[in-house]
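A.B. asks: Structure, please.
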Amino acid sequence: MKTTLVAVFCLVAGIASAAEIKVLSGGAVEPGLEAFANQVKREMGHELKVQFNTAPQIAKRLASGEVYDILISPPVVIEQAIKEGKVVADTRAPVGRVGAGIVVRTGASAPDITTADALKQALLGADSVVYNTASTGIYLDKLFGKMGIADRLKTKTMRYANGASVMEHVIKGKGNEIGFGAITEIKLYEAKGLKLIGPLPAEIQNYTSYEAALMTGASSADAARAVLRYLVTPAAKAAFVAGGVE
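C.D. replies: Numbers count the residues shown, from 1 in each chain. Okay, here's the model as predicted:
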């Protein structure tokens, strides 16, 4: 009987210590974060409730006063949040980085993108070029300017606020569309009608880094801190790598 009571007490204590942790995260790390969330649930008992947005949208949500337990975003957003007192500085933890990839719809011919010059010619020959207005898109604007083709691409460029809309546009395309996005996001749509041609050529590849940190005023601060400590373990790193986050 005594053994049974101890077992029941431990079970109740475990349930009581489990927490629902609210996370606001950049969408590019979604596959890795989902794998990590499953790991956290299994190993720690906590449930991560995640909302995904682009970095510009995250900045707007923070500016409007929204509060979560954990924020995952590019370092520049984290740094601004620290300056504004919205994030606890000494809780910052690296999540990983995500590279940019090039995509066409399934069945469309794949252009040569093996070098920067080959990609340039492919873009000039495309019917339309599609990318977002977030981190990837900001980089591409600068890249196309350096390549000297920004003005020639303007009339056939389509921009969207997020990667999902970019992927949907390419899937529904009829002509010679070339799309860009975070490789992790592209992989989420490969079974829906997309084909990842490959990453940007090495000489012009761009990686967006992501960090995690505890938000000031977090309702589940202790549990969130424990998750952030777990985030830097080899097991957690493996979960993100499996999801395409380097």
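A.B. asks: ok so V103 is a strand residue?
C.D. replies: Yes. With DSSP: H, G, I helix; E, B strand; the rest coil as the criterion, V103 is part of a strand.
A.B. asks: Could you give the number of residues near A242?
C.D. replies: 12 (other CB atoms under 10 Å). Where you see a C-beta, it was placed from the backbone N, CA and C, and this is true even at glycine.
A.B. asks: show me what contacts the residue nearest the centre of the chain?
C.D. replies: In the chain, the centroid-proximal residue (CA atoms, centre = their mean) is A28; its distance is 1.7 Å. Counting by CB atoms under 8 Å, 6 or more residues apart in numbering, A28 makes contact with 98, 135, 163, 182, 184-185, 208, 210, 245.
A.B. asks: what are the ranges of the helices in the protein?
C.D. replies: Applying DSSP state H to the chain gives helices spanning 2-17, 30-44, 55-63, 75-83, 116-125, 135-146, 150-153, 163-171, 183-189, 221-231, 234-242.
A.B. asks: Which of the ones you listed sits closest to L24?
C.D. replies: For L24, the closest of the helices of the chain is helix 55-63, at 6.1 Å, according to CB to CB.
A.B. asks: can you list the domain ranges for this structure.
C.D. replies: Annotated domains of the chain cover 2-97+209-242, 98-204 [automatic domain parsing].
A.B. asks: between the ones you listed, which gets the lowest average pLDDT?
C.D. replies: Ranked by mean pLDDT, these bottom out at domain 2-97+209-242, with a mean of 87.
A.B. asks: Including distance to I197, could the helices of the chain go into a markdown table?
C.D. replies: Output for these, formatted as a markdown table (distance: least, CB to CB, whole Å):
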| stretch | distance to I197 |
| --- | --- |
| helix 2-17 | 47 |
| helix 30-44 | 19 |
| helix 55-63 | 25 |
| helix 75-83 | 29 |
| helix 116-125 | 9 |
| helix 135-146 | 15 |
| helix 150-153 | 18 |
| helix 163-171 | 11 |
| helix 183-189 | 9 |
| helix 221-231 | 32 |
| helix 234-242 | 22 |
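A.B. asks: of these, which approaches A108 most closely?
C.D. replies: Here helix 163-171 is closest among the helices of the chain (CB to CB), at 8.7 Å.
A.B. asks: Using PDB, list the CA coordinates for the closest one.
C.D. replies: Coordinates of each C-alpha in helix 163-171 appear next as PDB, following Å, rounded to 0.1, in the frame of the first residue of the first chain:
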ATOM      1  CA  GLY A 163       7.200  31.500 -47.200                       C
ATOM      2  CA  ALA A 164       4.000  29.600 -47.300                       C
ATOM      3  CA  SER A 165       2.400  32.000 -49.800                       C
ATOM      4  CA  VAL A 166       5.500  31.800 -52.000                       C
ATOM      5  CA  MET A 167       5.300  28.000 -52.100                       C
ATOM      6  CA  GLU A 168       1.600  28.100 -52.900                       C
ATOM      7  CA  HIS A 169       2.200  30.500 -55.800                       C
ATOM      8  CA  VAL A 170       4.900  28.300 -57.300                       C
ATOM      9  CA  ILE A 171       2.700  25.200 -57.000                       C
END
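A.B. asks: Flag every buried residue along that helix.
C.D. replies: Buried residues in helix 163-171, counted by 16 or more other CB atoms under 10 Å: 163-164, 166-171.
A.B. asks: With stretch 102-112 instead?
C.D. replies: 102-105, 108, 111.
A.B. asks: circling back: spatially, what comes nearest to the residue nearest to the centre of the chain if we skip its sequence neighbours?
C.D. replies: A182 (3.8 Å; CB to CB, 6 or more residues apart in numbering).
A.B. asks: can you tell me how far that neighbour sits from N162?
C.D. replies: A182 is 10 Å from N162, where distance means CB to CB, to the nearest Å.
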